[in-house]
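**Q** I'd like to go over a predicted model; first the sequence, then the structure.
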Amino acid sequence: MSNFDTYFLMNADDAIEYAKVKVPQKQWDVGSMTCKEIGDGNLNYVFKVADAKGNSVIIKQAGRIARISEDMKLDPDRNRIESEILELQGKLAAGYVPEIYFYDTVMSACGMQDLSDHAIMRTAMLEHKIYPKFSEQISTFMAQVLMGTTDIVMDHQEKKALQRKFINPELCDISEALVYTEPYNDELHRNHVFPPIADFVKEKLYDDEELHCEVAKLKMDFMTRAQSLIHGDLHTGSIFINEETTMVFDPEFCFYGPMGYDIGNVIANMIFAWVNGDAYGEKEFCAWVESVIVDVINLTMEKLKAYYEEHVTDTLCKNKAYERYYLDTILADTAAVTGLELNRRIVGMANVKDITTIEDEAKRARGEKICITAAIDFIKNRDQKKCGNCFLTALKNAVEAVDA
Ligand code: SR1
Ligand code: MG
C-alpha cells in the first residue's frame, strides 16, 4: 500500500487508507470502514469514506484527465485552488461552505465535511422538492463573498494578491470555450444538439452575427474584468441543500471575474429546474421556482448594495452615482450570463439532467426552445433587466413565443 508521497489516482480501497492517514482526528473504527466513489461531476473523483461508528469524510481527488473527455488534460493543482477558496469563503460567509479538514498538494486531494444530510440541489430539483429558505441563503452567500472580495471594499494590494493566488487559466479556458464560444459556432464539433431542434439552433445561435458580437463583448469581459473572486460554476450541482441550510461547494473554476457570472448561473439553473417541472406538470414546484428567480435577483441586489454601503473603503467609490452604475453593471452581467449558461447547457458538451431526462421528445424540444429564446433576450437586452420580475418576465415571454 502506498504512503501517498507520490501522486496516483486512488480507488476506493486507497481512499480508506488515505482517510486513516489524513483524517486521524476521526478515530476511525478501522474494521468497519467502507468507501464508495460517489462523484458524478465532469472532472474529479469523490469518495465517501465512513465507518460503523458514524464517522465519515469526503475525499475529493483531481485527476489529470477530465472524466467527461479523455482529450481534456488538466493540472490537478485545481484541487489546491478549490481548497483554498473554500477556506476563504468559509471566513466571508461562515456556515455556507463545507469544512475543509486538509488538502494535499502531492495527491491533489482534499478531505471535507460529509454533507450526506443534504441533497445535491440538482437531484432535489429533479424530484421537484421545495426549499423555502434557499433564496435568502444563496443571496447572503453571494453578496458576502462577491462584494467582500472586490476593490470596492478590499485593500487594493491585498485584492491583487488574491487575484494572483487564484489565477486559474486552465479552468477559465474551459469556460471560455464551453460557455462563450462553442455554443455559437461548434468549432470543435463536440456540441450535443438535440436533433429535433437542430434547425432552430442553427438559425438562432450559429447564424446570428449580431448575437455573436454581444457574446464576444461578454467573453472579453469575462477574461479581463477582475471584479470579484467568483465561484465560477455556481449551478445546482455545486450546491448541497436541505430544509435548513444551503452549502456551496466545488469552486474549482473560481477566479477574479465579473460577479454576475455566479448570480446568472444560479438563475439559469433555476430556469432549467422550472422547465423540468413544467414538462412534468409540477405546478406548485414551478410557482416556487418562479419566486426563487424573482427573490434571488432582488435579495442579492439589496444585499450587495447594503454590503457596498457598509464596507466601501475606496474614497471615490463612495459616490452614489457610481454606486448605482456599479450595481447596474452587475444586473446586466447577471442577465447576460443567465442567457449564456442557458445556451451552453442546451447545445454545448456539458448538458444538465433537468433537460436531458425529460423523456417526452416534444416536451424536451419545447423546453430547449424556451431556454434558447429566453437566453437570446437575456443576452441582447441585458441592460433592460433591472429587477427580479424582469427576469421572470423574460422566461414567461419565451414560453409565449415558443407556444405561439
Ligand atoms: C469539461 S468540464 C464541463 C463542465 O463541467 C463543470 O461543472 C463546468 O460547468 C464545466 O463547464
Ligand atoms: Mg463541478
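**A** Ah, there it is. Numbering: from 1, shown residues only. Ligands and ions are numbered 1, 2, ... in the order given.
**Q** give me the residue from the stretch 301-404 of the chain nearest ligand 2.
**A** Nearest to ligand 2, among the residues of the stretch 301-404 of the chain, is Ala350, at 9.5 Å (CB to the ion). Backbone N, C-alpha and C define where each C-beta goes, glycine included.
**Q** do the same with the stretch 1-150 of the chain
**A** As assessed by CB to the ion, ligand 2 sits closest to Gly41 within the stretch 1-150 of the chain, at 4.4 Å.
**Q** So that residue sits against Gly237, correct?
**A** Yes. Taking CB atoms under 8 Å as the definition, Gly41 is a contact partner of Gly237 at 6.8 Å.
**Q** Residues in contact with both of those two, list them for me.
**A** Residues touching both Gly41 and Gly237 (CB atoms under 8 Å, 6 or more residues apart in numbering): Asp250.
**Q** Name the SS class of the residue of the stretch 1-150 of the chain closest to ligand 2, please.
**A** coil (DSSP: H, G, I helix; E, B strand; the rest coil).
**Q** Compute the number of surrounding residues for it.
**A** When neighbours are counted by other CB atoms under 10 Å, Gly41 registers 18.
**Q** Distance of the nearest residue to Lys20 once chain neighbours are set aside relative to Gly39?
**A** Residue nearest to Lys20 in three dimensions, not counting chain neighbours: Trp28, with 5.9 Å by CB to CB, 6 or more residues apart in numbering. According to CB to CB, to the nearest Å, Trp28 and Gly39 sit 22 Å apart.
**Q** The two: which has the busier surroundings?
**A** Neighbour tally, Trp28 and Gly39, criterion other CB under 10 Å: the higher count belongs to Trp28, 20 against 16.
**Q** Confirm that the more buried one sits in a strand.
**A** No. Counting by three-state DSSP, one finds Trp28 to be coil, located in no strand.
**Q** Can you tell me how far the residue nearest the centre of the chain is from Val97?
**A** For the chain, Leu234 is the residue whose C-alpha lies nearest the centre (CA atoms, centre = their mean; 1.6 Å). Distance of Leu234 to Val97, computed by CB to CB: 12 Å.
**Q** got it, and Ser238?
**A** Separation of Ser238 from Val97 (CB to CB) stands at 11 Å.
**Q** intersection of neighbour lists for those two?
**A** Common neighbours of Ser238 and Val97 (CB under 8 Å, 6+ apart) are Val248, Phe249.
**Q** Near ligand 2, which residues of the stretch 101-250 of the chain are found?
**A** Contact residues (CB under 5 Å from the ion) of the stretch 101-250 of the chain with ligand 2: Asp250.
**Q** Which residue comes closest to the single nearest residue of the stretch 101-250 of the chain relative to ligand 2 once chain neighbours are left out?
**A** Of all residues in the stretch 101-250 of the chain, the one sitting closest to ligand 2 is Asp250 (4.1 Å; CB to the ion). Leaving aside its sequence neighbours, Asp250 sits nearest to Ser238 (CB to CB, 6+ apart; 4.2 Å).
**Q** so what's that neighbour up against?
**A** Each residue near Ser238 by CB under 8 Å, 6+ apart is listed here: His231, Val248, Phe249, Asp250, Pro251.
**Q** between these, which is nearest ligand 1?
**A** Asp250 (7.3 Å; CB to the nearest ligand atom).
**Q** I'd assumed Gly41 was in contact with the closest one.
**A** Yes. Using CB under 8 Å, Asp250 is in contact with Gly41, at 7.0 Å.
**Q** what is in contact with these two at once?
**A** Common neighbours of Asp250 and Gly41 (criterion: CB under 8 Å, 6+ apart): Gly237.
**Q** quick one, phi/psi of Ala62?
**A** In terms of degrees, to the nearest 10, the main-chain angles of Ala62 are phi -90, psi 130.
**Q** so who does it touch?
**A** Leu43, Asn44, Tyr45, Leu74, Pro76, Asp77, Arg78, Asn79, Ser108, Ala109, Glu252.
**Q** from these, which are also near ligand 1?
**A** Applying CB under 6 Å from any ligand atom to the contacts of Ala62, one finds that Leu43 fall near ligand 1.
**Q** about what we covered before: surely the residue of the stretch 101-250 of the chain closest to ligand 2 is within a strand?
**A** No. If the criterion is three-state DSSP, then Asp250 is coil and not within a strand.
**Q** Look up how far Ile58 lies from it.
**A** Distance from Asp250 to Ile58, by CB to CB: 11 Å.
**Q** quick one on the thing from earlier: tell me how many other residues crowd the residue of the stretch 101-250 of the chain closest to ligand 2.
**A** 24.
**Q** go on, Ala365?
**A** 17.
**Q** Tell me which residues touch the nearest residue to it once chain neighbours are set aside, please.
**A** Nearest in space to Ala365, with sequence neighbours left out and distances taken as CB to CB, 6+ apart, is Pro196 at 4.3 Å. Going by CB under 8 Å, 6+ apart, Pro196 touches Glu361, Ala362, Arg364, Ala365.
**Q** Stretch 376-387: end-to-end distance?
**A** 18 Å (CA to CA, to the nearest Å).
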